[in-house]
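[1] below are the sequence and a predicted model for it; my questions follow.
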Amino acid sequence: MADQGFHGRSTGFPQLDDILPGRGWPQSGLIEVITPSWGIGELQLLIPLMRSVIEQGKWILWITPPHLPYAPALIQLGIDTDQILVVKRDTSCRDALWSMEKALQTSNFGLVLTWQNWLPGKVLRRLQLAAETGNNLGVFFKHHDSKYSLSPIRIKIKDSLVKSNRENSDSFETEITVIKARGNFRSLTTRVNLYKAN
Amino acid sequence: MKDPDNADQVSLPSASKSSIAQVIKLPRPSKKAESKNFLQNKKKRNGLWYALYFPQLEKLSKPRQENLLNELAASIRQVSSEISFHSMALVCEIRSGLKYFGGMEEVHNKLAPLLTALLQQRGLPHYFLYAASPTITGSLLLARSGRNALVYQKNNLRSALGRLPTDVLRLSKEQNYRLHNIGVRCLRDIWRLPADGLRTRFGSDFVNLLDKALGKVPEPIRNYLPPPAFSTSYELPFGLESLDRLLPVVDEMVAQLCEFLRHRDLSISHLLLHLQHEKQDSTEVNMALRQPSRSREHLIMLLDTHFSNLIIPSPVTGIKLRVKKFNTFISHSDPLLPEDKLTSRHGCNLNQFTDQLQARLADNCLKYINSVSEHCPEYANQLINYGEPIRKSHNEDRSRDDKKENTQQVALTPRPLWLLREPKQLALRNGKLYHRKDVTLISGPERIETFWWSGTDVCRDYYVAREANGSRLWVYRERTGDKNWYLHGYFG
């Protein structure tokens, strides 16, 4: 399904690729990742993407992450920390969004991550334009979904955890819902083992 | 005042006891030759080079020598605009200013106190040797010999130089020895020898040096260039409150600056902008650049960003722009292929972004993360301000293989993507760990014991745990004290 004229970048999770238009993340634009709380797998979801961005020789900017990104873990996952920059946490929302726009316009960055809850439509449209000019991907992590959000892709990671069919194995699957994606007609849900892929 | 061209040689006043002025007496040329000389001089008026030789510099180190020569050159600029650098000596052109200053002696009298004062300041013996002749090398050789001679005309150079001993040429020991063995004692003896033979025996540099001294071949001038300085200011006709309206004025000043930089082939890395107010101190915009630049657009964009979060206490009545640090301009050539163009543009773009970010936020807003080979988890991560050199203790100097090895070392046990700044104590409810929801342990323990040598002992058992809502946690239990449970990180 979702056979589009463009090809996305593989997410690294085949089940998720299946329900995304273009079989993967778009080449540029904004992605919203909605989680009820920080740290329930949203970073694991993006690890394959980060790896491919670093391999392309591009940089990753983390704007105001809620906790310290831990370099040894990133190295373990095959992500070179030399190409990662972090904007510190106590930056104001306005400045954070401003730096996100500038970073998205810069072609050196391949991925800009930010943790923001306040995102009016005007801001999103500006950032979407910036991401298209710089051919960049911007990812928002937020707690609440807004129905009228303008970002082309909205993904929700569910709070609940479902055990896989094989009862004896120690694998757990996370429910991921693509609420909206340009090219999909309705929201689709899949189950992904986020921790196994790495 | 005597016409210097008619007087062949004039003795110079001596600067110290050690160097006694000496008049070189030569037969006056015949009238016929004189008129020919005159014509030649009219045709191509050669400079008169005044050499100042400072033998006391020999004891100083190379950079100090250079510094001192630069300072001396700055004061010599009062009498001459063309100054050439040589080892332990400066040579300046004075023919062009001879009439203005009123003769050779006047020039010397003007210079001598300046130079001696400078040398005295540095605690050096304050004498110097000097000579003037139509060629740079000739003056230098005369000055080195300590004869303080003045030769006005090129034709007389040969006989004046002829008397000098060969050691003024500063040859190598072996060459000196050979010259001595041939029977050469002074320069005159060399001129009697055939040039071809000299060239094969002593190299063309040697013959060239002598030719330069006689003015037969052109000499390069190693020019002294005064250190760059740029400052410009603008008085506004009325006080301006809006910084946006100030920008066109600043733009004009930056354009001037860029023009200056282009002329001098420089770029800047530190700029100061003073916004003057009527009755108050001026507001200072201090702008340091990550990478030296001389692009007008880039500088203006950065200043604009600085202005955007600048609050001025009262209207601006004047602007002053000053450059604090100059750098040499290093240009990048455009690559031939289009795909290379993309990659080559990158470096510059990233620097522009970081400059802009630091201009708007603060200098320490942007960080690098770096892993350190350290057993204790909280010290294995390092946040470094962007722009500071990364202190990589383990994988910078070593080869790439070592780096891989190190990565594997890190990868032995799972580490969380997020580390909490402060470990958070977990509660126990009904014998079960509880954070936001119930916590169950998945794998572990991994024992970390370190810092037993310092007072704060680290003795922990780390586990990977799963919260009921699905997030993976990194928890540990202290092995000493109350044996409390702590949350230390999220696997994200």
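    Noted; the coordinates are in hand.
[2] quick one: the most centrally placed residue in chain A from chain B, how far?
    By Cα atoms, centre = their mean, chain A has its centre lying nearest to A:Val139, at 4.6 Å. Distance, A:Val139 to chain B, by Cβ to the nearest Cβ, to the nearest Å: 13 Å. The C-beta positions use only the backbone N, C-alpha and C, and glycine is treated the same way.
[3] the strand or helix carrying that residue pairs with which strands?
    Counting by DSSP states H and E, the element that carries A:Val139 is strand A:137-142. Strand A:137-142 has its sheet partners listed here by DSSP bridges as strand A:29-34 (parallel), strand A:109-115 (parallel).
[4] distance between the first one and the chain's centre?
    Relative to its chain's centre, strand A:29-34 lies at 6 Å (Cα atoms, centre = their mean, to the nearest Å).
[5] the helix or strand immediately after it in the chain vs strand A:29-34, what angle?
    Downstream of strand A:29-34, the next assigned helix or strand under DSSP H and E is helix A:42-55. Relative orientation of helix A:42-55 and strand A:29-34, computed by axes from the mean of the first three to the mean of the last three Cα atoms, to 10 degrees: 160 degrees.
[6] name the helices or strands packed onto helix A:42-55?
    When contacts are defined as 3 or more Cβ pairs under 8 Å, 6 or more residues apart in numbering or on different chains; DSSP states H and E, helix A:42-55 packs onto strand A:29-34, strand A:59-63, strand A:109-115, strand A:137-142, strand A:153-163.
[7] about what we covered before: output the strands paired with strand A:137-142 in TSV, with distance to B:Tyr53 and mean neighbour count appended to each entry.
    As requested, the strands paired with strand A:137-142 are arranged in TSV below (distance: least, Cβ to Cβ, whole Å; neighbours: other Cβ atoms under 10 Å in any protein chain shown):
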stretch	distance to B:Tyr53	mean neighbour count
strand A:29-34	72	22
strand A:109-115	59	25
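[8] thinking again about what came up before, quick one: the strand holding A:Val139 to strand A:59-63, angle?
    Computed by the same axes, to 10 degrees, the angle separating strand A:137-142 from strand A:59-63 equals 20 degrees.
[9] ok, residues contacting strand A:137-142?
    For strand A:137-142, the surrounding residues in contact (Cβ atoms under 8 Å, 6 or more residues apart in numbering or on different chains) are A:25-35, A:38, A:42, A:46, A:49, A:53, A:100, A:104, A:110-117, A:119, A:127, A:130-131, A:151.
[10] if we go to 6 Å?
    Residues from elsewhere that reach strand A:137-142 (Cβ atoms under 6 Å, 6 or more residues apart in numbering or on different chains): A:30-34, A:42, A:104, A:111-115, A:117, A:127, A:131.
[11] from those residues, which is closest to B:Arg436?
    A:Glu42 (15.5 Å; Cβ to Cβ).
[12] check contacts around that closest one.
    By Cβ under 6 Å, 6+ apart, the neighbours of A:Glu42 are A:33, A:35, A:141, A:157.
[13] by average pLDDT, which secondary structure element in the chain comes out worst?
    All of this refers to chain A. Lowest by mean pLDDT, DSSP states H and E among the helices and strands of chain A is strand A:153-163, with a mean of 71.
[14] let's do chain B instead
    Per-SSE averages on chain B (mean pLDDT, DSSP H and E): minimum helix B:400-410, a mean of 47.
[15] next structured bit after that one?
    Following helix B:400-410 toward the C-terminus (DSSP H and E): strand B:418-425.
[16] which positions in that next one come out as buried?
    Under the neighbour-count criterion of 16 or more other Cβ atoms under 10 Å in any protein chain shown, strand B:418-425 has B:418-420, B:423 buried.
[17] low-confidence ranges, chain B, go.
    Low-confidence segments of chain B, defined by pLDDT under 70: B:1-45, B:333-335, B:337-348, B:389-412.
[18] and it, which of its residues are near chain A?
    Within chain B, the positions adjacent to chain A are B:346, B:349-350, B:353, B:357, B:361, B:365-367, B:369-371, B:380-381, B:407, B:410-411, B:415-420, B:469-471, B:490, B:492 by Cβ under 6 Å from any Cβ of the partner chain.
[19] find the residue at the geometric middle of chain B.
    B:Asn327 (6.5 Å).
[20] is it part of a helix or strand, or is it coil?
    With DSSP: H, G, I helix; E, B strand; the rest coil as the basis, B:Asn327 sits in strand.
[21] where does chain A have low pLDDT?
    Along chain A, segments meeting pLDDT under 70 span A:1-6, A:159-171, A:196-198.
[22] show me what from it comes close to chain B.
    A:39-40, A:43-44, A:67-73, A:75-76, A:81, A:84-88, A:95, A:99, A:102, A:106-108, A:159, A:161, A:174.
[23] now restrict those to buried residues only.
    A:39-40, A:43-44, A:67-73, A:75-76, A:81, A:84-88, A:95, A:99, A:102, A:106-108, A:159, A:161, A:174.
[24] just those residues: which are in helices?
    Per DSSP state H, helices hold the following members of those: A:43-44, A:71-73, A:75-76, A:95, A:99, A:102.
[25] tell me how many other residues crowd A:Ile60.
    25 (other Cβ atoms under 10 Å in any protein chain shown).
[26] same check on B:Ala213?
    For B:Ala213, using other Cβ under 10 Å, the count is 26.
[27] and the one 4 residues further on, by the same measure?
    One way to gauge burial is a neighbour count; for B:Val217, by other Cβ under 10 Å, it gives 14.
[28] surely it is in contact with B:Asp211?
    Yes: applying Cβ atoms under 6 Å, one finds B:Val217 in contact with B:Asp211, separated by 4.5 Å.
[29] related to what we said a few turns ago, from the ones in helices among the buried ones among the residues of chain A next to chain B, which two are the most distant?
    Top of the distance list for these (Cβ to Cβ): A:Gln76 and A:Asp95, 31.7 Å.
[30] so the residue of the stretch 1-150 of chain B found nearest chain A is in which element?
    Nearest residue of the stretch 1-150 of chain B to chain A: B:Pro63, at 34.7 Å (Cβ to the nearest Cβ). According to DSSP H and E, B:Pro63 maps onto helix B:62-76.
[31] any idea how far that helix is from the chain center?
    15 Å.
[32] same thing with stretch A:138-152?
    For stretch A:138-152 - counting by Cα atoms, centre = their mean - the centre lies 11 Å from the chain centre.
[33] could you measure from the residue nearest to B:Ile83 when sequence neighbours are not counted over to B:Leu72?
    Closest residue to B:Ile83 apart from its sequence neighbours, by Cβ to Cβ, 6 or more residues apart in numbering or on different chains: B:Tyr224 at 4.0 Å. Going from B:Tyr224 to B:Leu72 by Cβ to Cβ, to the nearest Å gives 10 Å.
[34] the two - which one has more neighbours?
    B:Leu72 (24 against 20).
[35] for the residue nearest to A:Gly8 when sequence neighbours are not counted, what are phi and psi?
    Sequence neighbours aside, A:Gly24 is the residue nearest to A:Gly8 in space, at 3.1 Å (criterion: Cβ to Cβ, 6+ apart). A:Gly24 adopts backbone torsions of phi 150, psi -170, taken as degrees, to the nearest 10.
[36] neighbours of A:Gly24, how many?
    Considering only other Cβ under 10 Å, A:Gly24 is surrounded by 19 other residues.
[37] check A:Thr190 too.
    Residues near A:Thr190, counting by other Cβ under 10 Å: 18.
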